[in-house]
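Undergrad: Fold the following, please.
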Amino acid sequence: MEFSATNAAHAVLVSSPGHLLPILELGKLLVTSHNVGVTILVVSNHLTATGESLIVQSAIASNLYNVIHLPPVDTSNRTSGPGITHIVLAVREIKPALRSALSALESPPTALILHHLAFDCFEIADEFEIPKFVYVSPNAWFLALLSYTPVLDKIVEGNFVDHKENLVIPGCRSVRPKEVPTPLGYRKSSDYAEFLHVALEIPKADGILVNTWEELQPRTLAALRDEKLLGGIVKAAIYPIGPIYRAPSKELSSELSEWLGKQPKESVVYVSFGNKGGISVEQIVELAWGLELSQQRFIWVVRPPVQKTGIGVHAKIGNNDVSFLPQGFMDRTREVGLLIPQWAPQVEILNNPSVGAFFSHCGWNSTVECICCGLPMIAWPLFAEQKMNATLLTEELGIAVRSEILPTEGIVGREEIKRIIRRVTVDEEGGGMRERAKALKLAAAKAHKEGGSSYNAVAQLAKKLCISDSSC
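TA: Numbers count the residues shown, from 1 in each chain. Here you go, the predicted structure:
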């Protein structure tokens, strides 16, 4: 298959189920800052189609780019859990529809940019004889581990999580066995096989985009480019184009705005564990008590419990049913706390001047949003690469604290939760974290200004997407 030549750069971006937002924001950046035409192909499955519908509608209404929602795929009869296997299976099944969508485009694409879990569509780029790029929506340390996984697969005996020593990545911070991303936990799982498949395919891309910036992870990025280190494995050019995140786009509800308006500056702890993460009823009780005992103001996005803390299916109860909370909790915290069921406008809340810290699952999207708001964090990693993110935040960037025991390995008690909240909000240690977080906010903003590291990286990418330099 071959399209006729054109001078206009037109990138087709392909999401994977559950990872639409990073692709939409990347598309917005390419369109608004570098005049690249963008079409977004939305890949969804039975777990994501409903939840993403509002996001897709908003994207279509923006008129920034063309959005094509491919038919949702049902993989429920081929995989039992919400891991990466169900994502990769959906991408494989959608390939015929994706080919048809590309063929039907009025403006021919000059490149295909795939979310890293949509890597199986590389072959389609080859069929259409266009360059293929991959967008790794987590950070550079994750990319380093991903790239080095085929080597670790050969030298580590047994399960990575059972390994006695840290996993060494050339030129980078090593990874503790308990920090490895969820798919790498057990060799015999389908998720492990798919993660390894991703790791083997990603280096074949013509370029790798990653949601970080030079100043945030200079050592890791240098290792990825050094042919004597990871650069010998990752042959593709690395484009650190972050921070990519959703900026505030709407007003807070009158109730939320009014409540926040009554709170002192930087006094509120925002508590949320993402759309996919969840905690057990026992842990919810301890968290509630910890928030109450901390005597700090808070907004808590409350979701029903899951059977076991981590990633899982939330209990099916009414939206306003909070019977799993300690008796009397809402009455005792009425003056200092606000509970929001199921979902909240996170970016808008984090940008409010009354918010002073984020109690987070450390998903990279949420982490980038928090950094760009200049806030310290209480790290509460649950699944995927979130444990690595928590280590990066606490031990390298110095803008977060975390519990002594991982939330996925046991119940974190109320006294420890109280202690880590107050470390950020009250103790002198918290002041230092706040200063470092604000410095990172400024550095992140500078990266995307003209002449900044990320601005230059995206400009270089935009030229690669053009058939002729004059079109950029």
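Undergrad: how about low-confidence regions in the stretch 51-200 of the chain?
TA: Scanning the stretch 51-200 of the chain with the threshold set as pLDDT under 70 gives 51-56, 59, 79-82.
Undergrad: next one: phi and psi at K449?
TA: Per-residue torsions, K449: phi -80, psi 160 (degrees, to the nearest 10).
Undergrad: okay, it: pLDDT?
TA: K449 carries a pLDDT value of 96.
Undergrad: Ok, the one 4 residues further on next?
TA: Per-residue confidence (pLDDT) for S453: 98.
Undergrad: And the one 3 residues further on, by the same measure?
TA: The predicted local confidence for N456 comes out at a pLDDT of 97.
Undergrad: and if you look at the one 10 residues further on?
TA: The per-residue pLDDT reported for C466 equals 77.
Undergrad: Based on its surroundings, how many neighbours for the nearest residue to it once chain neighbours are set aside?
TA: Computed as Cβ to Cβ, 6 or more residues apart in numbering, the closest residue to C466 that is not its neighbour in sequence is A9, at 4.3 Å. Any C-beta I mention is one placed from the backbone N, CA and C, and that applies to glycine too. Neighbours of A9 under the rule other Cβ atoms under 10 Å: 24.
Undergrad: And this structure, split by domain according to the record?
TA: 10-242+448-471, 254-445 (automatic domain parsing).
Undergrad: Minimum distance to P248: which of those domains has it?
TA: Among the domains of the chain, the nearest to P248 by Cβ to Cβ is domain 254-445 (4.9 Å).
Undergrad: chain center to the closest one: distance?
TA: 16 Å (Cα atoms, centre = their mean, to the nearest Å).
Undergrad: Can we start the residue count at 179 from this point?
TA: Shifting the count to begin at 179 puts that one at domain 432-623.
Undergrad: Can you give me the end-to-end span of it?
TA: This stretch, domain 432-623, spans 29 Å end to end (Cα to Cα, to the nearest Å).
Undergrad: returning to what we had before: isn't the residue nearest to C644 right up against G215?
TA: Yes. Assessed by Cβ atoms under 8 Å, A187 is found in contact with G215 at 6.3 Å.
Undergrad: where are the low-confidence patches of the stretch 479-628 of the chain?
TA: Within the stretch 479-628 of the chain, the segments meeting pLDDT under 70 span 490-498.
Undergrad: Going along the chain, name the strands of it.
TA: 488-489, 515-519, 533-538, 555-557, 578-580 (DSSP state E, counting those that start in this stretch).
Undergrad: and the ones you listed as JSON lines, adding mean neighbour count and distance to S278?
TA: Shown next, in JSON lines, are the strands of the stretch 479-628 of the chain (neighbours: other Cβ atoms under 10 Å; distance: least, Cβ to Cβ, whole Å):
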{"stretch": "strand 488-489", "mean neighbour count": "20", "distance to S278": "33"}
{"stretch": "strand 515-519", "mean neighbour count": "18", "distance to S278": "40"}
{"stretch": "strand 533-538", "mean neighbour count": "26", "distance to S278": "40"}
{"stretch": "strand 555-557", "mean neighbour count": "26", "distance to S278": "44"}
{"stretch": "strand 578-580", "mean neighbour count": "25", "distance to S278": "45"}
